[in-house]
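Novice: Okay, predicted coordinates and the sequence, questions at the end:
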Amino acid sequence: MSELRAQLREWRAAVDKRLPPWSSRGLAIFFIVIGIVLPFGFGSSSAFMNATIIALAYAVMSLGLNIVVGFAGLLDLGYVAFYALGAYSLGWFGSGFFFKAQIHVLVSAVASTLPGVHLNFILILIAAALICAAAGTVIGLPTLRLRGDYIAIVTLAFGEIIGDVAVNGQSVPVGGGMTLTAGNLGISAVDSPYFPGIGSFGLLDLRPWYWLIFAILLVVLFVNLRLRDSRLGRAWIALREDEVAAVSMGIPLVKTKLLAYAIGAAFGGMSGAFFGTYYTEVNAGQFQFGFSIFILAMVIIGGLGSIWGAVAGGLALGYINNYLIPDVLNTIPAKLGFNFQLTEVEFGIFGFLLVIMMVLRPQGLIPERRRRLELTAEIGAEDAQLAEAPPLPGGVT
Amino acid sequence: MSSIEAPTPPAPPAAALSVLRAEHITKTFGGLVAVNDVSLDIPQHSIVSLIGPNGAGKTTLFNMLTGLYRPTEGRIVLGERDITHARPDVITRHGVARTFQNIRLFGAMTAVENVMVGHHARMKAGLFGSIFRPPWVGREERETREHARELLAYVGLRKPIFDRLASHLPYGDQRRVEIARALASQPKVLLLDEPTAGMNPQESQALTEFMRAMRDDLKLTILLIEHDMKVVMGVSERVTVLDYGKKIAEGEPAVVRADPGVIEAYLGKQA
């Protein structure tokens, strides 16, 4: 078995060596092209298309949380806060919610006649990222002196606070009879993304939505990859591994940790803003604690600290949650004679998947390179050395 | 410059020559006085040893010098700069680097990456530099990696294991990587906390020579915590002895070794 594995490793190394240096770039372009043409293979408003869009948005969130939890090792249980803030950024700056205001920047002809703040979606995306980065920094501050589980408790509390503020925001006046949020009524009639020359996105054709979130994912992915292989990325991992040693090597603790919170939060906010417009509503009921855990599960199932793992985890749980369970397998219990639908036990299914995953593949779907090294490579090498060790004296072979 | 510096002891307690100076520092943890009114003067380009029985406060003193602890009283001066209340990363940037008694490498990073982290304070790439990677950032990364490999070679790590995870390296190599990581921050003062712990006599001897070589090659000043008396006597120009948080002796190795107070601290009072 171990020989087989060693053989496989050897082949892989040989293949890696023979590939031309541009092959990884070529592969990336290949996948991007596949991603762009993919929607043409499916109905423009099919359930699968819808699930794909949601799964991609989950992957963006998963990538954001991976920076905080995976890279910097700060267990964040309140990530839903940034989903909420991102979605509210869209509600505030892309609807008639602030009805006394009359601000229109690069929006469709219809939207520019309506009252309220109407900014172009790209501007809202940037605003959401900035608002969430600021909020992430604020949430990060009290956790700086804490470690491990205590960080989780503080972030959990902040997630709950933001959720409660969202629910009760309809009683928080911001002047002119306007309120902070619309609570459980939700901010509805939000703008669809509009781009000059393309027009507004409609709900009958989901393809533009797909391309939009695919583009956001590519940007976030690019930033993640660059950061991982940079001075900042190394500093995060060093802090995760040993805080005392890291600060003794010249890494500023406060700045480095807060940057992790801020960047992770910014990506959550971008995805949240997308969800706001895609669901055409920003409702306080969306921002439950369970969603924080759901995103965390994506990061862990994908492989903690691994960028491609975070993407895989986000896509996997996105498809399971929005396609496999409700559209494909939902009626199976009924067919077997049980009196329930699969959607009613979806959290049970996720829990089961998590347990199975932790038992069979604790390093995740696509483990981080380091973790892979940690768990496999060296053991094989040491075994090989043992086999080559000279026989013991005394004739024992 | 070199005409002023005395490369060999006895070093006079002249303030002008000292590179790192602790003035009457005290550290208390609740009721426990871990370090009690200790003054220490480390002359430039010297190797100074800090010895004393277990629990004497040596590592606590190290932690204050590197900013991990704040002294309860007293002052720490690096060159002309007061660093008593400076953060550890700031002190590192000003030129103090250290190793740890129980090796503290970043286990999930390779040897080279560990050393690259050590260079953090000398790099400039920030958030946007890292994301957009303009040419100067690419160059900085390449140079840092190259520099890290040179340092690993300098401390005697074998090339094939440069890209192994630190946690998988043999003990002796981990010590080497830790020294290389400290050197990567281009320090003026290097603090080594029991560098020969767990080494056999040959390895200790080799390290003794290596410390001298480092001092001369890199124009370093070295402060050393050490239990191995052979190493202490062989390498240091000055020795400071702590016992129960107090400085009980200081001076040239031969003088300190003969000091009755020191003998008593180590062997107990003779009846």
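Specialist: Perfect, I can see it now.
Novice: Nearest to chain B: which residue in chain A?
Specialist: A:Gly250 (3.0 Å; CB to the nearest CB). Yep, even glycine has a C-beta here, placed from its N, CA and C like the rest.
Novice: okay, how far is it across stretch B:46-56, tip to tip?
Specialist: 23 Å (CA to CA, to the nearest Å).
Novice: Just the buried residues of that stretch, please?
Specialist: Burial within stretch B:46-56, assessed by neighbour count using 16 or more other CB atoms under 10 Å in any protein chain shown, is assigned to B:46-52, B:56.
Novice: now, which of the residues you listed sits nearest chain A?
Specialist: Distances from chain A to the buried residues of stretch B:46-56, taken by CB to the nearest CB, are shortest for B:Leu50, at 17.4 Å.
Novice: Doesn't the closest one belong to a helix?
Specialist: No - assessed by DSSP: H, G, I helix; E, B strand; the rest coil, B:Leu50 does not belong to a helix; its assignment is strand.
Novice: which one is the residue of chain A closest to chain B nearest to, not counting chain neighbours?
Specialist: Distances taken as CB to CB, 6 or more residues apart in numbering or on different chains put B:Ala121 closest to A:Gly250, at 3.0 Å, once the chain neighbours are dropped.
Novice: number of nearby residues for that neighbour?
Specialist: 22 (other CB atoms under 10 Å in any protein chain shown).
Novice: Was I right to think the residue of chain A closest to chain B contacts B:His120?
Specialist: Yes - between A:Gly250 and B:His120 there is a contact under CB atoms under 8 Å: 4.9 Å.
Novice: can you list residues touching both of the two?
Specialist: Jointly contacting A:Gly250 and B:His120 under the rule CB atoms under 8 Å, 6 or more residues apart in numbering or on different chains are B:Ser185.
Novice: Scan the helices and strands of the chain for the one with the lowest mean pLDDT.
Specialist: You didn't pick a chain, so chain A it is. Ranking every helix and strand in chain A by mean pLDDT, DSSP states H and E puts helix A:378-388 at the bottom, with a mean of 44.
Novice: mind checking pLDDT for the closest residue to chain A within the stretch 101-250 of chain B?
Specialist: Residue nearest to chain A within the stretch 101-250 of chain B: B:Ala121 (3.0 Å; CB to the nearest CB). Note on B:Ala121: pLDDT of 94.
Novice: In this structure it contacts A:Val247, no?
Specialist: No - taking CB under 8 Å as the definition, B:Ala121 is not a contact partner of A:Val247, at 10.7 Å.
Novice: okay, and the common contacts of the two?
Specialist: B:Asp89.
Novice: low-confidence ranges in the chain?
Specialist: No chain specified, so I'll use chain A. Under the criterion pLDDT under 70, the flagged ranges of chain A are A:1-2, A:21, A:370-397.
Novice: Oops, wrong one, chain B.
Specialist: Using pLDDT under 70, chain B drops low at B:1-16, B:269-271.
Novice: From the contact count, pick out the helices and strands touching the lengthiest helix in it.
Specialist: Taking DSSP state H as the criterion, chain B has its longest helix at helix B:135-154. On a contact count with 3 or more CB pairs under 8 Å, 6 or more residues apart in numbering or on different chains; DSSP states H and E, helix B:135-154 meets helix B:111-118, helix B:127-132, helix B:171-183.
Novice: Just the CA trace of it, in PDB.
Specialist: The C-alpha trace of helix B:135-154 is given here as PDB (Å, rounded to 0.1, in the frame of the first residue of the first chain):
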ATOM      1  CA  PRO B 135       7.900  44.500  -9.700                       C
ATOM      2  CA  TRP B 136       9.600  45.700  -6.500                       C
ATOM      3  CA  VAL B 137       7.500  43.400  -4.400                       C
ATOM      4  CA  GLY B 138       8.300  40.400  -6.600                       C
ATOM      5  CA  ARG B 139      12.000  41.300  -6.300                       C
ATOM      6  CA  GLU B 140      11.700  41.700  -2.500                       C
ATOM      7  CA  GLU B 141      10.100  38.200  -2.300                       C
ATOM      8  CA  ARG B 142      12.800  36.600  -4.500                       C
ATOM      9  CA  GLU B 143      15.600  38.300  -2.500                       C
ATOM     10  CA  THR B 144      14.100  37.300   0.800                       C
ATOM     11  CA  ARG B 145      13.800  33.700  -0.300                       C
ATOM     12  CA  GLU B 146      17.400  33.700  -1.600                       C
ATOM     13  CA  HIS B 147      18.600  35.400   1.600                       C
ATOM     14  CA  ALA B 148      16.800  32.700   3.600                       C
ATOM     15  CA  ARG B 149      18.500  29.900   1.700                       C
ATOM     16  CA  GLU B 150      21.800  31.600   2.200                       C
ATOM     17  CA  LEU B 151      21.200  31.800   6.000                       C
ATOM     18  CA  LEU B 152      20.100  28.200   6.200                       C
ATOM     19  CA  ALA B 153      23.300  27.200   4.500                       C
ATOM     20  CA  TYR B 154      25.300  29.400   6.800                       C
END
